[in-house]
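Colleague: fold the following for me, if possible:
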Amino acid sequence: MATIESTISPSSEAFQANRSGMLALLQRVRSAEARAVAASNKSQPRFESRGQLLPRERLALLLDPGAPWLELCTLAGYGMDTPDPDHTVPGGGVIGGIGWVAGIRCMVSASDSGIDAGAMQAMGLDKALRIQELALENKLPYVQLVESAGANLLKYRVEGFIKGGGLFRNLARMSARGLPVVTVTHGSSTAGGAYQTGLSDYIIMVRGRTRAFLAGPPLLMAATGEVATEEDLGGAQMHTYVSGLGDYLAEDDRDALRLAREVLGQIDWPRAEPPQSTVRAFKPPRFDAEELLGIMPMDHKRPVDMRQVIARFVDDSEFLPFGENYGAATVCGHARIEGWAVGIITNNGPIDNAGAAKATHFIQACCQSRTPLIYLNNTTGFMVGRQFEEGGMIKHGSKMIQAVANATVPQITLYCGASFGAGNYGMCGRGFAPRFCFSWPNAKTAVMGGEQAAKTMAIVTEAAMSRKGAVDQAKLDALQAGIIQRFDSQMSVFTTSALLLDDGVIDPRLTRDVLAQVLSVCRDGDARQPQAMQFSVARP
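Modeller: Next up, the predicted model:
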């Protein structure tokens with residue numbers, strides 16, 4: 001295989017400008033994430049007074065020390081809970097990610113109960129659903145640390161109640177498909193949320209802290225007139241001795257997390273201490289990942305050679321181009337990541353007829369050889385114009401989209417630059433259900449660029465004004481400025497990731513590590529055949 005030669009000059013003015021821009025965006029991401037942690041940590045005195053651990057302290061005790069932890073969807077709800085995005089608290093009230101527990105790779109979800117007692121924040125439900133879907137698709141055991149005030153009734157919306165049923169459906173589906181569901185109920189699990197506990201295969205409760213009931217004392221009194229304490233109605237001792245809802249009674253949070261690790265440790269599930277026992281020999285990239293900070297221009301209209309990106313995350317910087325001279329702006333080829341073969345598709349410009357046809361062929365070939373696909377989005381879309389329409393752009397673009405939609409191998413999408421128009425579809429955008437989807441901080445996603453959208457609407461509006469006899473240029477200018485502002489804000493990764501249109505914003509320097517992790521998750525999931533059952537596990 002050919003080694004990609006570096007054409008990057010880290011000392012150049014352009015590289016340094018790109019690097020500064022990327023670092024500024026990355027700092028904004030990290031600051032937002034830090035605000036969520038700080039907001040939760042403010043509750044520490046209250047937690048300590050109750051003898052409890054904070055949510056992230058619980059996670060630290062649950063997870064294997066030193067093992068990889070990939071947190072997901074950290075910007076969920078960013079900018080939706082405050083008029084000032086720079087003071088927003090993202091995360092949705094849920095902490096979720098892929099980690100190792102007792103030597104088993106699991107999907108872990110924890111209520112961020114340090115914030116509003118664990119009530120769902122903006123996009124929290126959608127984040128929880130996405131985490132569960134990833135567990136199902138990748139056949140991961142599911143561990144949840146529950147302490148939630150449930151839905152925020154002050155912000156109640158009926159669609160949240162309806163969609164929330166999906167959380168419980170997914171728990172039942174995981175159990176039925178042979179994926180163990182282990183729950184530690186650290187605190188409140190009430191109303192519909194009680195089924196978050198009840199639909200688990202193994203339930204650990206904490207003496208004096210767990211509360212699980214369909215109606216708490218105030219609602220019970222309002223509905224029936226009955227008077228009962230929280231402990232008598234749904235405490236850990238009642239549920240482990242009387243109702244049978246709880247399987248294990250823990251003395252405190254630490255004891256509960258110890259029990260969760262022991263439960264998983266006793267399950268005969270394929271395990272390997274990370275790194276996995278299936279390690280293959282490989283050589284690291286020849287070029288420093290640090291240079292990924294300066295390759296991508298902040299202006300998506302400026303060209304970039306995506307092979308320079310590839311060279312900094314694939315083994316030995318080796319890349320075998322496929323159809324290199326045909327549809328050259330669409331780059332396809334084979335490489336390896338930590339010894340495992342991958343197919344890579346990326347863009348050095350718009351996708352033309354030949355590029356779409358080549359990509360279609362390459363996707364099908366990768367499916368034939370069972371090679372996972374990685375899409376590095378950096379395109380303003382499919383080519384437009386008479387020449388391309390006559391050449392069958394719609395036809396060839398549709399073939400590429402069909403190949404993406406029906407691919408039989410794991411597909412992983414990384415937004416590195418622009419992802420505009422139908423190019424987003426051809427490059428396996430979120431709507432095409434890639435197995436995992438991540439963004440760099442500079443990524444932009446939209447139906448088209450803001451300037452193009454503004455110009456299009458200005459032409460249409462000007463024609464309408466002309467038909468009425470007068471063109472108001474000031475109105476046209478204001479129209480264009482408004483459209484550009486709206487598009488620019490909505491195409492930003494801070495909006496798209498807040499809406500869960502990716503699984504998280506990653507540091508470009510960690511691209512290889514993240515891709516290696518999720519490729520390993522995909523391999524293990526596709527190779528595993530858990531013993532499926534007709535029904536999920538039921539309480540006695």
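Colleague: the stretch 151-300 of the chain: helices as residue ranges?
Modeller: With DSSP state H, counting those that start in this stretch as the criterion, the stretch 151-300 of the chain has helices at 158-176, 194-198, 217-224, 230-234, 236-238, 253-266.
Colleague: what helix or strand is Leu59 on?
Modeller: Assessed by DSSP states H and E, Leu59 sits inside helix 55-62.
Colleague: next, the angle from that helix to helix 253-266.
Modeller: Helix 55-62 and helix 253-266 meet at an angle of 40 degrees, taking axes from the mean of the first three to the mean of the last three C-alpha atoms, to 10 degrees as the criterion.
Colleague: helix or strand next in line after helix 55-62, which one?
Modeller: Proceeding C-terminally, helix 55-62 gives way to strand 70-71 as the next helix or strand, assigned by DSSP H and E.
Colleague: same for that next one, what does it pack against?
Modeller: strand 94-101, helix 511-527 (3 or more C-beta pairs under 8 Å, 6 or more residues apart in numbering; DSSP states H and E). For glycine as for every other residue, the C-beta is placed from the backbone atoms N, C-alpha and C.
Colleague: determine how far it lies from the middle of the whole chain.
Modeller: In terms of C-alpha atoms, centre = their mean, to the nearest Å, the gap separating the centre of strand 70-71 from the centre of its chain is 9 Å.
Colleague: what of stretch 421-429?
Modeller: For stretch 421-429, the distance between its averaged C-alpha position and the chain's averaged C-alpha position is 18 Å (C-alpha atoms, centre = their mean).
Colleague: tell me the average confidence for that stretch?
Modeller: Confidence over stretch 421-429 (mean pLDDT, whole number) is 95.
Colleague: please work out which residues outside that stretch touch it.
Modeller: If you take C-beta atoms under 8 Å, 6 or more residues apart in numbering as the criterion, stretch 421-429 is touched by 345, 347, 350-351, 356, 359, 373, 375, 377, 379-382, 397, 400-401, 404, 411, 413, 419, 431-432, 434, 437, 445, 447-448.
Colleague: nearest to Met393, of the helices and strands packed on strand 70-71?
Modeller: For the helices and strands packed on strand 70-71, proximity to Met393 was assessed by C-beta to C-beta; helix 511-527 is nearest, at 30.8 Å.
Colleague: what's the closest non-adjacent residue to Gly124?
Modeller: Closest residue to Gly124 apart from its sequence neighbours, by C-beta to C-beta, 6 or more residues apart in numbering: Gly92 at 3.2 Å.
Colleague: what is the burial count for that neighbour?
Modeller: 30 (other C-beta atoms under 10 Å).
Colleague: just to revisit the earlier point, and the helices of the stretch 151-300 of the chain: which comes nearest Gly392?
Modeller: When these are compared by C-beta to C-beta, helix 158-176 sits nearest Gly392, at 40.6 Å.
Colleague: buried sites along the lengthiest helix in the chain?
Modeller: Scanning the chain for the longest helix, with DSSP state H as the assignment, gives helix 13-41. Under the neighbour-count criterion of 16 or more other C-beta atoms under 10 Å, helix 13-41 has 15, 18-19, 21-22, 25-26, 28-29, 32-33, 35-37, 39-40 buried.
Colleague: go on, stretch 332-351?
Modeller: Applying a neighbour-count criterion of 16+ other C-beta under 10 Å, one finds 332-338, 340-351 buried in stretch 332-351.
Colleague: cool, stretch 230-248 as well?
Modeller: For stretch 230-248, the buried set under the neighbour-count rule, 16+ other C-beta under 10 Å, comprises Leu233, Gly234, Gly235, Ala236, Met238, His239, Thr240, Leu245, Gly246, Asp247, Tyr248.
Colleague: which residue, other than its chain neighbours, is closest to the fifth one?
Modeller: Pointing back at Met238 there. The spatially closest residue to Met238, leaving aside those adjacent along the chain, is Asp232, at 6.6 Å (C-beta to C-beta, 6+ apart).
Colleague: can you tell me how far that neighbour sits from Leu214?
Modeller: With distances defined as C-beta to C-beta, to the nearest Å, the gap from Asp232 to Leu214 amounts to 14 Å.
Colleague: roughly how far does the most far-flung residue of the chain relative to its centre sit from Thr7?
Modeller: Most distant from the centre of the chain: Gly469, at 51.5 Å, with distances by C-alpha atoms, centre = their mean. If you measure Gly469 against Thr7 using C-beta to C-beta, the figure is 56 Å.
Colleague: and for Ser466?
Modeller: When distances are taken as C-beta to C-beta, Ser466 and Thr7 turn out to be 49 Å apart.
Colleague: do Met221 as well
Modeller: When Met221 is compared with Thr7 (using C-beta to C-beta), they lie 73 Å apart.
Colleague: re the thing from before, could you check the angle the helix holding Leu59 makes with strand 94-101?
Modeller: Using the same axes, to 10 degrees: helix 55-62 against strand 94-101 is 10 degrees.
Colleague: tell me which of the helices and strands packed on strand 70-71 is the most buried.
Modeller: For these, the stretch with the most neighbours on average is strand 94-101, a mean of 24; neighbours defined as mean count of other C-beta atoms under 10 Å.
Colleague: for it, name the packing helices and strands.
Modeller: When contacts are defined as 3+ C-beta pairs under 8 Å, 6+ apart, strand 94-101 packs onto helix 55-62, strand 70-71, strand 104-111, helix 124-137, helix 253-266.
Colleague: list the buried residues of the first one.
Modeller: Of the residues in helix 55-62, those buried under the neighbour-count criterion (16+ other C-beta under 10 Å) are Pro55, Glu57, Arg58, Leu59, Leu62.
Colleague: in the stretch 201-350 of the chain, where is pLDDT below threshold?
Modeller: 272-278 (pLDDT under 70).
Colleague: show me the contacts for the residue nearest to Val101 when sequence neighbours are not counted.
Modeller: In this structure, Val101 finds its nearest non-sequential neighbour in Leu264, 5.2 Å apart by C-beta to C-beta, 6+ apart. Neighbouring residues of Leu264 by C-beta under 8 Å, 6+ apart: Val101, Ala102, Ile104, Cys106, Pro141, Val143, Pro180, Val182.
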